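Engineer: Sharing a model prediction with you, sequence too.
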Amino acid sequence: MTLRDHPWLAALKVYTHPRVVGMLFLGFSAGLPLLLVLGTLSFWLSEAGIARATIGHLSWVGLAYGFKFLWSPLVDRLPLPLLTRMLGRRRAWLLLSQICIALALLGMANTDPVLNLTHTVFFALAVAFASATQDIALDAYRIEAVETEKQGAMAATYQAGYRIAMITAGAGALWIAASVDTTTAAYDFHPWQVAYTVMAALMAVGILTTLTIHEPEKKIPCTTSERELHARAKFASLGLSDGLLNATAWFYDAVLSPFIDFIQRYKWQALLMLALIALYRISDVVMGVMSNPFYQEMGFTKDEVATVSKVFGVIMTIAGAGLGGLLTMRLGVMRTLFLGALLSAATNLLFVWLAGRGHDVGALVFTVSADNLSAGIASSAFVAYLSGLVNQAYSATQYALFTSVMLLLPKFIAGFSGEFVDAYGWAAFFTGTALIGVPVLLLVWLVAREQEAASRKQEKP
C-alpha cells in the first residue's frame, strides 16, 4: 500500500470537499455577530459611561439565540418571494439574514449610545435576531449538503471559521477602535463607528460564499410525504374553507410534524436519545461557568488568561474539531462520540491538578490545551450525531430543538456551580464535573447498542 492510499490520508481528503471548505467561510459569517452584540458591545457601552445595570440588562439581547426554535419552522417551510426561486430555500434565508446583519451592524455603527441608547438597542436586537436566523438556515444547509459521515468535517471547518470570527469581532474590533482613537482621556464615538462599519463590511465573506455555493438537494423519505398527505386529507374531510385548510395543513407540516416524525421514527428509543442530547455536554458547560473565577482565584492575570485562552485554547479547539471530523470518518460517529465524552470528563480532572499547583502558567497552558482539544473532538462528533438524527424534511426545526434540549439542563445545573464551590471547594467541584460525565458514557453505549440492533433487524430478510 502506498502512502497516498493510506486510509487516514484518504480520510483527510474530506477537508478538500468544496462544501466542507465553504463551511469555513460560513462559520466566519455565523461567528462574527455574536460578540458584537455581547462582549464587544458591553465594552463600548462601558466606555460610553452607560450604567452597569443597564449593560447587564442589555445582555438579554443574546436570548434570541436560545429561542430560535420558535421561528425555525418558518425557515424550514416558508419560501421567500423572488429569492427562493433564484437561490433555493436555504440560500435564500442565508442571504436575507446576512444582509440584515450587515445593515443592522451599520445601524449600530451610526448610532451613538450616549445620544440615543434606544436606537443602539434596537439595532443590536436586529443583529441578534438576524444572526439566530442565519444559524437556523446554516444548520439546515449543513445537514442537507453532505452525508452523515462528512458532518464531523463540516463541523470542524465551521468551528474554525467561527473561532476566527470571534477573535475578529472581539480583539479585532477593539484593536480597530483603539488604533483610530486619538483621545484616550475621554469617550469618542468615532472609533466605534469605524470598528462596527468594518465588521459590517466583513459580512461580505458570508454573502459571497452564499452566492457561490450550490443549494443542497433535500432527501425526503416517502413515509414523511405520505403522512403529511394523509393528514391534509383528514383536515379536508372536516369541511374547512380553502384558506383555513391551507393554514391548518401548514401548521401541522411545519410545527407538529417535526415532533411526530422523531417519535414515530425512533419510538421509545427517542427518550434515550433525548437523554443523551440533554446530558452530552454537561461536564463542559457546568465546569465552564466557573473557569474564569477559578483562574482569578489561582492568581492568574487577565493578560495570562486571555493569552492562553485566545492562543492555545483556540488553536487546540480548532485542532480538536479537525481531529474529531477525521475520527468520525475513520471510526464512525458513535465511537468518536464515546471518545469525546470520555476525554471531556477526564480532562476536567486536570483542573484538580491545576488547583493544587496554584499560579503555574505552564500548567495552565497544558490544562487549557487538553480541555479545548477534547471539547473540539466532542463537538464535531456531537454535531455529526445530531445531524444524523434529523429528517431533512424538517432540518431547521428539528436541529434547533435538539440544540435547545442540549443546553437546557446543563445551563440550569451550572447556575448552582458557585454555591457548590463555596461549600466544597475547587477540587471537589472539578471532580464532580468529571463524575457527572460518567452517565453520558453509559448513554452513548446504550444508544449505540440499540442502533446496532436496529441495523441487524433491517438487514434480516
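Structural biologist: Great, that's in hand.
Engineer: and His214, which of the three is it?
Structural biologist: Under DSSP: H, G, I helix; E, B strand; the rest coil, His214 falls in the coil class.
Engineer: Which phi and psi values does it adopt?
Structural biologist: Main-chain dihedrals, His214, degrees, to the nearest 10: phi -100, psi 150.
Engineer: Against Ile99, how distant is it?
Structural biologist: As judged by C-beta to C-beta, to the nearest Å, His214 and Ile99 stand 20 Å apart. Quick note: C-beta positions are derived from backbone N, CA and C, even for glycine.
Engineer: and the two? which has more neighbours close in?
Structural biologist: Each of His214 and Ile99 has its neighbours counted (other C-beta atoms under 10 Å); Ile99 has more, 16 against 12.
Engineer: right, and the more buried one touches Ala204 too?
Structural biologist: No. Shown here, Ile99 and Ala204 do not form a contact pair, counting by C-beta atoms under 8 Å, at 10.3 Å.
Engineer: which regions of the protein lie under the pLDDT threshold?
Structural biologist: When residues are selected by pLDDT under 70, those of the chain lie in 1-12, 56, 184-185, 302, 310, 454-461.
Engineer: For the host helix or strand of Met199, which residues meet the burial criterion?
Structural biologist: With elements delineated by DSSP states H and E, Met199 resides in helix 189-202, which encompasses its position. Judged by neighbour count using 16 or more other C-beta atoms under 10 Å, the buried positions of helix 189-202 are 189, 191-200, 202.
Engineer: Stretch 113-127 too?
Structural biologist: Buried residues in stretch 113-127, counting neighbours by 16+ other C-beta under 10 Å, are found at 113, 117, 120-121, 123-127.
Engineer: now, among these, which is nearest to Gly313?
Structural biologist: Relative to Gly313, the closest of the buried residues of stretch 113-127 is Val127; by C-beta to C-beta it sits at 25.4 Å.
Engineer: Tell me the spacing between the closest one and Gly418.
Structural biologist: 30 Å.
Engineer: next one: Gly88
Structural biologist: Counting by C-beta to C-beta, the gap between Gly88 and Gly418 amounts to 47 Å.
Engineer: Ok, Leu435 next?
Structural biologist: Leu435 is 19 Å from Gly418, by C-beta to C-beta.
Engineer: In contact with Ala319: list those residues for me.
Structural biologist: In this structure, Ala319 makes contact with 373, 376, judged by C-beta atoms under 8 Å, 6 or more residues apart in numbering.
Engineer: number of nearby residues for the closest residue to Glu450 other than its chain neighbours?
Structural biologist: Excluding the flanking residues, the one nearest Glu450 by C-beta to C-beta, 6 or more residues apart in numbering is Gln269, at 5.3 Å. Counted with other C-beta under 10 Å, the neighbours of Gln269 add up to 16.
Engineer: Kindly report the same for Thr182.
Structural biologist: Using other C-beta under 10 Å as the criterion, the residues surrounding Thr182 number 8.
Engineer: burial measure for the residue lying closest to Gly332 once chain neighbours are set aside, as a count.
Structural biologist: Take Gly332 and drop its neighbours on the chain: the residue closest to it by C-beta to C-beta, 6+ apart is Glu149, 7.9 Å away. Using other C-beta under 10 Å, Glu149 has 17 other residues around it.
Engineer: measure Glu149 to Val20 for me?
Structural biologist: Using C-beta to C-beta, Glu149 is found at 12 Å from Val20.
Engineer: again, but for Gly206
Structural biologist: Using C-beta to C-beta, one gets 16 Å for the distance from Gly206 to Val20.
Engineer: Between the two, which has more neighbouring residues?
Structural biologist: Summary of the neighbour comparison: Gly206 and Val20, criterion other C-beta under 10 Å, with Gly206 having more neighbours (28 against 24).
Engineer: How about the contacts made by that one?
Structural biologist: Taking C-beta under 8 Å, 6+ apart as the test, what Gly206 contacts is 25-26, 28-30, 32, 94, 98, 134.
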